[in-house]
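J.: Following is a predicted model, sequence given first.
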Amino acid sequence: MQTLTSEDKQQLQSAKQLLENPGLAAKMSNAIGSPIEQGLKLLPKSWNSTINEVTQKALLKASDAAIYTMKSTSTGLASNRIHKLSVAVTGGVGGFFGVAGIAVELPISTTIMLRSIADIARAEGESISNLETKLACLEVFSLGGKSKQDDGAESGYYAVRTALAKSVLDASEFLAKKTITDQGSPILVKFTAEIAKRFGIQVTEKAAAQAVPAIGAAGGAIINTIFIGHYQDMATGHFIIRRLEKTYGKDFVQQEYNKL
């Protein structure tokens, strides 16, 4: 009978703790000293109609630039602090301009975050030249946030992966013949649109925090640091589980995950 080693069981427990307890909104509320619900009321009336477009463009631009300047494999640790510092700088600029600066700041921040996600993947033994790994990096942006259609049961880690499975498979088959930056591809557009539905919820919470009066540049830097920290946690959990799945098989790891 197959069993996890004690070390791998502890790793799986740590991954689940990261993936199922993100608490992004609460962390941002604590940072700014007030509930972000106040900021939600201050967002432009057109926000909901534009958020998917803004987030999808950010994801497409990020995929074009983030991963390709990195070495394929590494045995070192991920450079989380460096990426947090970079995103804090862009957050400071975005915070200075408030919500109006998000459309400009978000693609830059998303690119840095995707690079950090790829760095974490590499530290967990993934080869970032591998197409499946590149898609898995983008998949991280769908974690830790529900889409508007979700209930609690549909927002768990494996539920999200299951919901995205068809889009991931289609994108993988198409991109095996193309490149991940072929933005004209309806397959890639569909894939990023699925991720944008969930990523957009988190971006809205970030925008709401930045919309709070007098948040300023310093507050914007803090919010962005929390924002990237959230996705670094999601990436760490995600790639720990992918590593375990390669050893034990996906079905077995999912079964053990659900038992915890």
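T.: Here it is on my side, so go on.

J.: use CA for all of it now, contacts and neighbours both
T.: Fine.

J.: Can you report how many residues neighbour residue 46?
T.: 8 (other C-alpha atoms under 10 Å).

J.: Check residue 249 too.
T.: 12.

J.: Look up phi and psi at it.
T.: Main-chain dihedrals, residue 249, degrees, to the nearest 10: phi 100, psi 140.

J.: confidence score at it?
T.: pLDDT, residue 249: 96.

J.: I'd assumed residue 127 was in contact with residue 133.
T.: Yes - between residue 133 and residue 127 there is a contact at 6.9 Å, judged by C-alpha atoms under 8 Å.

J.: Give the residues shared as contacts by these two.
T.: Residues touching both residue 133 and residue 127 by C-alpha atoms under 8 Å, 6 or more residues apart in numbering: residue 121.

J.: Lowest mean pLDDT among the helices and strands of this protein, which one is it?
T.: helix 80-97 (a mean of 52; mean pLDDT, DSSP states H and E).

J.: which residues does residue 8 contact?
T.: Contacts of residue 8 (C-alpha under 8 Å, 6+ apart): residue 244.

J.: What residues of the helix or strand hosting it count as buried?
T.: In the assignment (DSSP states H and E), residue 8 maps to helix 6-20. Neighbour-count burial for helix 6-20, counted by 16 or more other C-alpha atoms under 10 Å, picks out 9, 11-13, 15-16, 18-20.

J.: what's the closest of these to residue 138?
T.: residue 19 (15.6 Å; C-alpha to C-alpha).

J.: Tell me the pLDDT of that closest one.
T.: Confidence for residue 19, expressed as pLDDT, is 93.

J.: ranges for the helices of the stretch 1-150 of the chain?
T.: All helices of the stretch 1-150 of the chain, identified by DSSP state H, counting those that start in this stretch, fall at 6-20, 24-32, 37-40, 47-65, 80-97, 102-123, 131-139.

J.: Using PDB, write down the CA coordinates of the fourth one.
T.: Provided in PDB are the C-alpha atoms of helix 47-65 (Å, rounded to 0.1, in the frame of the first residue of the first chain):
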ATOM      1  CA  TRP A  47     -14.600  49.000 -12.900                       C
ATOM      2  CA  ASN A  48     -16.500  45.700 -13.100                       C
ATOM      3  CA  SER A  49     -16.900  45.900 -16.900                       C
ATOM      4  CA  THR A  50     -13.100  46.600 -17.500                       C
ATOM      5  CA  ILE A  51     -11.400  44.400 -14.900                       C
ATOM      6  CA  ASN A  52     -11.400  41.200 -16.900                       C
ATOM      7  CA  GLU A  53      -9.900  43.100 -19.900                       C
ATOM      8  CA  VAL A  54      -7.200  44.800 -17.700                       C
ATOM      9  CA  THR A  55      -6.200  41.500 -16.000                       C
ATOM     10  CA  GLN A  56      -6.200  39.500 -19.200                       C
ATOM     11  CA  LYS A  57      -3.900  42.000 -20.900                       C
ATOM     12  CA  ALA A  58      -1.600  42.000 -17.900                       C
ATOM     13  CA  LEU A  59      -1.400  38.200 -18.000                       C
ATOM     14  CA  LEU A  60      -0.700  38.200 -21.800                       C
ATOM     15  CA  LYS A  61       2.000  40.900 -21.500                       C
ATOM     16  CA  ALA A  62       3.600  39.100 -18.500                       C
ATOM     17  CA  SER A  63       3.800  35.800 -20.300                       C
ATOM     18  CA  ASP A  64       5.600  37.600 -23.100                       C
ATOM     19  CA  ALA A  65       8.400  38.800 -20.900                       C
END
